[in-house]
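Chemist: pasting the structure only:
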Ligand code: HSE
């Protein structure tokens with residue numbers, strides 16, 4: 001059998017590492033697949049990056065059409081990221097009968113329907129293991145390894161950059177900007193780091209996981225999102241020292257009696273919870289299935305070599321399907337547009353909360369605050385106030401029992417208007 005030909009479009013750190021893996025393990029890969037995998041093209045607008053690959057000149061191009069229009073290319077590997085151009089490349093390549101490997105969470109989370117219905121019609125495979133959790137094989141696990149389960153919840157640390165920043169702020173007393181710079185230097189952050197910081201990157205990844213788990217597309221816009229840019233080191237310190245919680249940007253979907261809550265937000269977790277031990281650029285996905293119970297997948301969720309591991313594995317698996325003539329005979333992703341995903345408004349989500357009020361240190365302040373919380377059905381489970389600092393506002397920390405988020409929001413709105421309250425109240429959800 002002839003080799004399987006691939007064309008890689010986008011050759012940044014991930015693409016370069018994919019080419020290196022395919023070269024380094026070519027003998028093992030040939031034995032596993034049944035035939036060789038031939039890199040027919042690598043394409044990038046910046047050809048200088050490709051020098052390190054030692055590929056013959058005729059395989060290198062900056063023209064994407066050379067790859068898309070080449071009938072001998074069996075698998076198109078899309079690694080340029082971003083939205084519209086990547087989507088166009090994927091659709092045009094599929095129109096020409098090519099299977100796809102992509103790491104593009106933005107395109108998949110937005111165009112799930114279009115891409116997978118086209119794949120079904122054209123009998124093509126679209127693999128995307130690297131789109132979520134880089135080197136962690138979560139897509140295969142969820143799609144195949146856990147296929148026998150009704151997935152009840154997925155809670156993940158899905159963004160390496162924000163986890164790196166929060167880890168450095170928690171463990172090394174680093175400031176936010178310094179930690180961000182270090183994450184960018186290490187190659188974890190997106191080209192536009194705002195997508196990491198405001199939770200969009202994690203929401204796109206959660207959208208993909210939820211769409212697999214619940215059998216229909218859950219667009220990332222339907223996921224309630226909060227970022228980490230405004231987090232103050234004092235809340236990290238108080239939460240840990242006074243209450244034993246660690247702050248993480250958690251991406252979470254839960255299916256409770258057909259109602260789905262989907263959020264990405266800074267959340268406190270007990271220091272003993274396995275997710276609390278996930279540090280730096282590492283990601284973890286904690287899945288609760290009705291038969292398997294709790295499972296946690298853990299690994300490097302960002303960085304070129306980790307993502308390249310997933311992309312190269314997709315290429316190998318897909319090439320094996322091509323070799324055995326099974327590629328596209330049955331769909332990789334099954335979804336049903338008729339399944340209704342009923343998204344719970346964020347106000348209806350029930351949780352425990354951490355609240356930090358900045359108040360004047362005067363008689364009656366605490367009773368006023370607790371009175372307003374009580375009137376709004378928010379019950380207090382713990383309270384802490386540091387000794388007064390003359391003339392400064394004092395932080396009053398309150399933990400609540402479970403209540404609806406709408407109740408907490410209503411109470412905070414009233415409390416923040418009190419003359420004794422000196423700045424906006426800080427609120428974090430606490431994971432059960
Ligand atoms: N910017 C992403 C992260 C890279 O920090 O997790 C992997 O998607």
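Modeler: Yep, that arrived. Every value quoted in this text rests on a predicted model; they were computed, and no experiment measured them.
Chemist: tell me the helix or strand right after the worst-scoring helix or strand of the chain on mean pLDDT.
Modeler: Least confident helix or strand of the chain, by mean pLDDT, DSSP states H and E, is helix 176-185 with a mean of 92. Going down the chain from helix 176-185, the next helix or strand is helix 194-197, by DSSP states H and E.
Chemist: the following helix or strand past that next one and the ligand, any residue contact?
Modeler: Per DSSP H and E, the first helix or strand lying C-terminal to helix 194-197 is helix 200-214. Yes. Helix 200-214 lies within reach of the ligand by C-beta under 6 Å from any ligand atom, at residue 201. All C-beta spots, glycine's among them, are computed from the backbone N, C-alpha and C.
Chemist: so which bits of this protein are right by the ligand?
Modeler: The chain comes close to the ligand at residues 134, 159, 160, 161, 188, 189, 190, 196, 201, 301, 302, as judged by C-beta under 6 Å from any ligand atom.
Chemist: swap in 8 Å and give it another go.
Modeler: 103, 105, 131-132, 134, 158-164, 183, 188-190, 193, 195-196, 201-202, 205, 281, 283, 301-303, 307 (C-beta under 8 Å from any ligand atom).
Chemist: for stretch 208-226, what is the average pLDDT?
Modeler: Stretch 208-226 carries an average pLDDT of 96.
Chemist: that one: how far from the chain's middle?
Modeler: Relative to the chain's own centre, stretch 208-226 is displaced by 11 Å; criterion: C-alpha atoms, centre = their mean, to the nearest Å.
Chemist: which parts of the least confident helix or strand of the chain are buried?
Modeler: For helix 176-185, the neighbour count (16 or more other C-beta atoms under 10 Å) marks 176, 179, 180, 182, 183, 184 as buried.
Chemist: next: stretch 335-344.
Modeler: Within stretch 335-344, the residues scored as buried using 16+ other C-beta under 10 Å are 335, 341, 343, 344.
Chemist: ok, now which ones touch the residue in the stretch 301-432 of the chain positioned nearest to the ligand?
Modeler: For the stretch 301-432 of the chain, the residue closest to the ligand is residue 302, as judged by C-beta to the nearest ligand atom, at 3.8 Å. Counting by C-beta atoms under 8 Å, 6 or more residues apart in numbering, residue 302 touches 134, 159, 160, 161, 187, 188, 281, 283.
Chemist: now swap in residue 12 and tell me
Modeler: 44, 49, 79, 304.
Chemist: residues near the nearest residue to residue 321 once chain neighbours are set aside, how many?
Modeler: Residue nearest to residue 321 in three dimensions, not counting chain neighbours: residue 327, with 3.8 Å by C-beta to C-beta, 6 or more residues apart in numbering. Residues lying near residue 327 (other C-beta atoms under 10 Å) number 21.
Chemist: any idea how far residue 124 is from residue 327?
Modeler: Using C-beta to C-beta, to the nearest Å, one obtains 8 Å as the distance from residue 327 to residue 124.
Chemist: what's the overlap in contacts for the two?
Modeler: With contacts taken as C-beta under 8 Å, 6+ apart, residue 327 and residue 124 have residue 99 as neighbours in common.
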